[in-house]
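*Asks:* Here is the input, now give the coordinates:
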Amino acid sequence: MTIEKKSMTDDEIQRQALAEIKSAEENRATQANKRASTWDRYYGQKLGNEKKGRSQFITRDVMDTIEWMMPFFMKTFASGDPKIAIELKGQEPFVGKALMDRIQTDLSNSSPSLFYLFYQWFKDALVSNTAFIKIGWDLDQKVVSANFDSLSRENLAQIEEDPDVQIVETEEQSNPFFDSTFNVKTKIKQTIKDTVFAENTPSWEFLVSSRAKDINDEHGKGQKTEVTLDYLKRINRANSEEGEEPFFKHLEELESDDTQDIRVDSLSAEKNQYMDNEDFEADYTEKGMIEFNEWYTRADIDGDGYLEDIVCFLANDRLIRYEINKENFVPFSAIRPIIDCYKFHGIAWAELVVEIQNLKTMLFRRILDSFDFQVSGRWRVDPDGSVDLHSLYNHVPGGAIIAKAGSVEDISPQAFNPGNFAIIDYVESLKESRTGVTRYNTGMDANALNRTATGVVAIQSAAMQRMELVARIFAEGLRDLYSKIALLYQQYSKGFTAKVYGQEQKITSEMLQGRVVCSVNMGVQSGVGVEEAQKIERMLGLLFKVNEMHPGLLTPEKIHNLTTRYISSMGFKQADDFISDLQSYMQQTTESKQKKQQMQEQMIKLQQQMEQMELKLKQKDVETKAKKVEVDAYLKEKEINLKEKDAGTKAQKVETEAYLKEKEINLKSSAEKEKIAQDERESVRESEIDKMNIFAKGLNDERNRTK
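*Replies:* Here you go, the predicted structure:
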């Protein structure tokens, strides 16, 4: 027999949500009285056992203790480093750091600011035992109409590609001489807000199942508050698409519902007790206020046998929407100063002081009453003594009381023994041992100046351990908060610009993807850790001196281990934030050595090439000198030949002249023959001279080439 799967109806989901919410309200009521008593002591409200005519003094130990602790927590988490680091698996490390910086900037610029948000969160946890912050993505959009005339085809294509623009009507205008243009009517989705938000959730609004043990377990959690109808309409406008069903249903019925004007605020009891304002409830019965529930639970809405994480929205106990929790987490983060094992709520730090404050209040009242008795006195009066009771009740220094002798008897109680004041010091020391807030770390003990500095530091260090432990517990709540905010940026952010290594860089939405890993970069710094760090410092000094005498004793691995141990002993968890990873360092060192070795090899090769070139130049110089000697010998030989040639030429010239002279004598008889013979001799002479000039020029050219 098969069982037919059946999906849950809206009415069934509404009944389940209302039943779980009612159970959560009963669970909240069990914590309300405890929270109210601690806040009463914080504000110094009356104990309720006061008597007329007696002292009604109240000490403020709870406020003093909490306010002395607050600067430490604010300095730790809200003044620079939030002690949380974000890493996105699969992305470069700078992406996680850029995302963390962006979150810090957006929260600091939001309302409430990051400082005010953390201040209320920490103080509420210290006084109320558990405090909450709600986070989400604030998206507010509205649709406006816009008309564009004479658009080109390229501009029209750009409008069509814009996802926030819906084209209602397009009219084409033809032109015989130019390209066609278009008149376009559009509806544009204008974004008013698109950012993360975080706000404190008061204890009277937060709801949690009595079975829950942690903020992120599977049991139901939610928020019940009062909102205006306008608030729901704005959410509807930002998340509803035209032509589709509205995000919230039945808002029109809520608007016409007259019963909302006379609804009684179910949270007003705890709220009014905290606010101490009788007129506070009137603000929540004004027209338009709606009781709004946002409930995160699990239900088998599709009938497949498996529970789905869903979110139910109810207005005035009516389901107006439910959906699958697409964010996959409960948008609340919680902190508690003292963890109460296996319970959702912790223990308030104020609970450690309430008993002490009540005891000190009683002691001081007794002391003040005793002092008043000693000053004003207490009298036994004879009813028949004719005593002026008005003067007795309102006596002044030097005043007279009219009465018969012996009719007034002093029966004042015994004076308070000054030795009993020691009990107040004992109660104060009891408070200090419980809370860790001592007169030493608050600077209120004048006797600390007369003690040794080392002793005072030891006392302060021991007292700070408890507050450092609370800060470490708070850090887990912050880790959960930043982790959920990072998931919101992954789902809704369209990217942003961040400064990376001193330069502006675009962080796209694709770069934000990857598993979010948030880590806490702080620890509980105890005296043991400080002593260990001091020992490591002394040991490092010794090892460095030994390494100077025996190089190689300290390897990079040993130095890295010592440095990591030192950072851990100082209370920091992520040593990688301060020093590089050993493997990466060794790889970089190896690569650096390889590059240095390659450079040295290249320098050696270059030097060898220079030496070879220098040797070749020397050989060339020797060859050049040898060539020069050879050329000089050749030129000298040519010069001798020229000289011999010149001597031969001179001899030939003498011979020629003698011959010509002889011919001249022989031819004197015939002038014409003589002229002819002379012309022939001149021609021969010029020819010989030309040859000699050509030969001399050749020798000069050859000499020039040799040089």
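*Asks:* From Arg365, how far off is Phe371?
*Replies:* Phe371 sits 11 Å away from Arg365, going by Cβ to Cβ, to the nearest Å. C-beta here means a position set from N, CA and C on the backbone, and glycine is covered the same way.
*Asks:* what's the answer for Phe206, then?
*Replies:* 37 Å.
*Asks:* ok, Val381 - how many residues close by?
*Replies:* Counted with other Cβ atoms under 10 Å, residues neighbouring Val381 total 13.
*Asks:* for Met70, same thing?
*Replies:* For Met70, the neighbour count with other Cβ under 10 Å is 14.
*Asks:* Equivalent analysis for Gly419, please.
*Replies:* Other residues near Gly419 come to 7 when the count uses other Cβ under 10 Å.
*Asks:* What distance do you get for it to Asn293?
*Replies:* From Gly419 to Asn293 the distance is 60 Å (Cβ to Cβ).
*Asks:* From the chain's centroid, how far away is the helix or strand harbouring Ser592?
*Replies:* Using DSSP states H and E, the element containing Ser592 is helix 582-666. Mean-position distance between helix 582-666 and its chain equals 75 Å (Cα atoms, centre = their mean, to the nearest Å).
*Asks:* Start and end of stretch 36-52, how far apart?
*Replies:* End-to-end distance for stretch 36-52, by Cα to Cα, to the nearest Å: 25 Å.
*Asks:* who touches it?
*Replies:* 56, 58-63, 66, 127-129, 270, 273-274, 276, 348, 350-351, 353-354, 357-358, 361 (Cβ atoms under 8 Å, 6 or more residues apart in numbering).
*Asks:* Tell me the buried residues within those.
*Replies:* 58-63, 66, 127-129, 270, 273-274, 348, 350-351, 353-354, 357-358, 361 (16 or more other Cβ atoms under 10 Å).
*Asks:* In helices only, show me these.
*Replies:* 61-63, 66, 127-128, 270, 273-274, 351, 353-354, 357-358, 361 (DSSP state H).
*Asks:* Go through those and say which is closest to Glu245.
*Replies:* Glu270 (36.7 Å; Cβ to Cβ).
*Asks:* how about the nearest residue to Leu107, chain neighbours excluded?
*Replies:* Leu114 (4.3 Å; Cβ to Cβ, 6 or more residues apart in numbering).
*Asks:* cool, Asp194 as well?
*Replies:* Asp194 sits nearest to Leu139 (Cβ to Cβ, 6+ apart), 5.6 Å away.
*Asks:* quick one on the thing from earlier: Phe371 and Arg365: which has the busier surroundings?
*Replies:* Arg365 (20 against 13).
*Asks:* Can you say which helix or strand has that one in it?
*Replies:* Assigned by DSSP H and E, Arg365 belongs to helix 351-376.
*Asks:* who does that helix touch, helix- and strand-wise?
*Replies:* Contact here means 3 or more Cβ pairs under 8 Å, 6 or more residues apart in numbering; DSSP states H and E; on that basis helix 351-376 packs against helix 10-43, helix 61-77, helix 422-435.
*Asks:* Could you pull up the mean pLDDT of it?
*Replies:* Helix 351-376 comes out with an average pLDDT of 85.
*Asks:* Stretch 38-50 now?
*Replies:* 89.
*Asks:* What are the buried residues along it?
*Replies:* Thr38, Trp39, Asp40, Arg41, Tyr42.
*Asks:* Nearest to Lys645 among these?
*Replies:* Taking the buried residues of stretch 38-50 together and measuring to Lys645 by Cβ to Cβ, the closest member is Tyr42, at 132.6 Å.
*Asks:* Fine by me, thanks again.
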